[in-house]
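Engineer: Just to be clear, the model below is a prediction. Sequence and coordinates:
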Amino acid sequence: MTAERTCPTPEPFRDKIGIIFFLAVLFFLCFSGRVIFAPLMAAIERELALNHAQAGSLFLWISVGVFMAQILSGVVSSRLNHWGALVISALMVGLALLPFGLTRSLGTIHVLVVILGLATGLHTPSAIATITASVSRNDWGKALGVHQAAPSMALVFAPLLAVALSSFLSWQNILSSLGGVALVTGVLFVFFGKCGTFPGEAPNPAAVKSIVIQPSFWIMAALFSMAMAGSSGIYTMLPLYLVSERGFGVDRANFLVGLSRVSGLFTAFFGGWIADLVGEKQALAGALFLSGLGTILLGVLPNSGLVIMLFLQPALAACFFPAAFSALSRIVPPHLRSLTSSLSTPLAGFIGTGVVPAFVGHMGETRTFALGIVIVGCCMTIMPVSAFFLKLRDKTEEGC
C-alpha cells in the first residue's frame, strides 16, 4: 500500500541545517563504502592475483547494484516513505561491509559489492527529494551544496584512512571497520532522523513515460555520466595509475589522492552559491567543461604538473553537482523529483562510476592508463554544450 502523501512545509536553509548535515553524514558513509576500494586496490590486486582490468571491474559490479537500487528506489520510498529508504540504505551499507573481514573469495566479494551498490543506490533519490521538499527554493543551492560536499569528503577520507590503517590492519579489516561505523550511524538515524516522512513516486508506466519523453531528462543523464566519470570514475583508478605508470609509491599515491580532494569540500559550497547566483545551466556547464580540461591534463602532464592538477581537477569537478541536482529538480513537477533522480542517476552512475573505471583499467592493461584518462576528459569537454538545451520549470515550485 502506498503511503499517504503529507508534504513538509519548505523552510529557510538555516532552520534545516541540522537534518541536512545528518543526511550529508549518511551520504558520506555510503560514498566512502564505495570509494574505499580505490586506495586498497593495490593490496587487493596483490592478494587476489588480479590484473588491472579485473580490478576495474569491481567498480562495475558496485555500479550494477547502484543501478538496480536507484531504478527500484521509487518502489521502496512509495511504501516506506523517504525516511524508510534512507534507513535501509544506511543499515545495508554496514551489513555489506562487515563480512569483508571473513572472506578471501573473489566470488563472495562480487556478491558483497553488488549488495553495497544496492545499499548506496537507495540514498540519493530520497535525500534529494527530502532536501528539495524541506528547504525553500531560494536556498536549494546551499542545501544541496552541503549534501554534495559529502562525496568530496569521502574522496579525501578514504585514501587517508587506507594510509593510516594499512600498516596494522588488512584491507579486509579496514572495510569491516568502516562497515561497523556505518551500521552504528544508521541506527542513530532510526532514532534521530526526523525527515523524509512522505512517500516517493512509484515508477508506474504513466509517471515514467512523462519523464523519459522529455529531452531534458536525457540531457541531464548524459551530463551526470560525464561528471561522475570525471570525479568518482577517474578517482577510483588514480592510485593504480600513479603507482603502476607514474612510479609513485603506494602510500605517497594514496596520500596525494586523498589530500587533493580537500579542495572539493569548499568548492561544492561555492558551486551551490554560483548556481543560485548565475543559474543552474551556466554553472553546471562551466564546471563540467573546466573539469574535463583538468582530466585531460591528468593524463598528459609530467609528474610535477600532474601533482598540481591532482588538486585542481577535483575542485572543478565538485562544483558541478549542486547546480546539476538543482536543475534535475526543475525539469519535472515536485512530486516526480525522486522518481526522476532514481531514473537518471543510476544510468549516469553505471556509466560514470562503473563503465569508465572498467574502461580505464582495460586501457591500463592493453595500452596506458593515461590514454584512457585523456579519452574520458575529451568526452567531458564536449558534453557541456547540451546543457543549454535544458528546459527548466518555474523556480517557484516548492514542496514535494
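Structural biologist: That came through, no problem. Residues are numbered from 1 along each chain as shown.
Engineer: got any ranges where the stretch 51-200 of the chain has weak pLDDT?
Structural biologist: Along the stretch 51-200 of the chain, the model assigns pLDDT under 70 to no residue.
Engineer: ranges for the helices of it?
Structural biologist: Under the criterion DSSP state H, counting those that start in this stretch, the stretch 51-200 of the chain contains helices at 52-97, 106-121, 123-134, 140-165, 171-192.
Engineer: How far off centre is the first one?
Structural biologist: When distances are taken as Cα atoms, centre = their mean, to the nearest Å, helix 52-97 is centred 12 Å away from the chain's centroid.
Engineer: Thought L339 was touching P333, still the case?
Structural biologist: No: counting by Cβ atoms under 8 Å, P333 sits too far from L339 to count as a contact (10.4 Å). Every C-beta, even on glycine, is put in place using the N, C-alpha and C of the backbone.
Engineer: Counting neighbours, go ahead and name the busier of those two.
Structural biologist: Taking neighbours as other Cβ atoms under 10 Å, P333 and L339 compare with L339 leading, 25 against 13.
Engineer: and the more buried one, what helix or strand is that in?
Structural biologist: helix 337-349 (DSSP states H and E).
Engineer: Mind giving me the packing neighbours of that helix?
Structural biologist: Here helix 337-349 touches helix 52-97, helix 123-134, helix 205-212, helix 215-228, helix 320-328, going by 3 or more Cβ pairs under 8 Å, 6 or more residues apart in numbering; DSSP states H and E.
Engineer: where does T396 land on pLDDT?
Structural biologist: pLDDT for T396: 49.
Engineer: I meant to write C400 there.
Structural biologist: 54.
Engineer: just to revisit the earlier point, who wins for proximity to F255 among the helices and strands packed on helix 337-349?
Structural biologist: helix 52-97 (20.1 Å; Cβ to Cβ).
Engineer: residues of the helix or strand hosting R14 that come out buried?
Structural biologist: If you go by DSSP H and E, R14 is part of helix 13-35. Across helix 13-35, burial judged by 16 or more other Cβ atoms under 10 Å covers 13, 16, 19-20, 22-35.
Engineer: Same question for stretch 141-157.
Structural biologist: Of all the residues in stretch 141-157, those buried under the rule 16+ other Cβ under 10 Å are 141-157.
Engineer: just checking, S232 touches T353?
Structural biologist: Yes: with contact defined as Cβ under 8 Å, S232 counts as touching T353 (4.6 Å).
Engineer: Contacts for stretch 316-325, please.
Structural biologist: Contact partners of stretch 316-325, identified using Cβ atoms under 8 Å, 6 or more residues apart in numbering, comprise 128, 141, 144-145, 148-149, 151-152, 220, 223-224, 227, 230-231, 263-265, 267-268, 270-272, 274-275, 280, 283-284, 286-288, 290-291, 294, 341.
Engineer: one step back: which one, of the helices of the stretch 51-200 of the chain, ends up nearest to I375?
Structural biologist: The nearest among these, by Cβ to Cβ, is helix 52-97 at 14.4 Å.
Engineer: what about L58, distance to L102?
Structural biologist: L58 is 18 Å from L102, where distance means Cβ to Cβ, to the nearest Å.
Engineer: What's the mean pLDDT across the helix holding R14?
Structural biologist: For helix 13-35, mean pLDDT is 89.
Engineer: contacting residues around A268?
Structural biologist: Neighbour list for A268: G145, Q148, A149, S152, A318, C319, F321, P322 [criterion: Cβ under 8 Å, 6+ apart].
Engineer: again but with L259, I slipped
Structural biologist: For L259, the contact set (Cβ under 8 Å, 6+ apart) comprises V156, L160, F311.
Engineer: The nearest residue to the second one once chain neighbours are set aside: which element?
Structural biologist: With Cβ to Cβ, 6 or more residues apart in numbering as the measure, G258 is the residue that lies nearest to L160, at 4.1 Å, once sequence neighbours are left out. Taking DSSP H and E as the definition, G258 sits inside helix 250-260.
Engineer: Could you list the alpha-carbon positions for that helix in CSV?
Structural biologist: Taking C-alpha atoms only, helix 250-260 is exported to CSV below (Å, rounded to 0.1, in the frame of the first residue of the first chain):
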residue,chain,number,x,y,z
VAL,A,250,51.6,3.3,-2.7
ASP,A,251,51.5,5.4,0.4
ARG,A,252,52.5,8.6,-1.4
ALA,A,253,49.9,8.0,-4.2
ASN,A,254,47.1,7.4,-1.6
PHE,A,255,48.2,10.4,0.4
LEU,A,256,48.3,12.7,-2.6
VAL,A,257,45.0,11.5,-4.0
GLY,A,258,43.3,11.9,-0.6
LEU,A,259,44.8,15.3,0.2
SER,A,260,43.9,16.5,-3.3
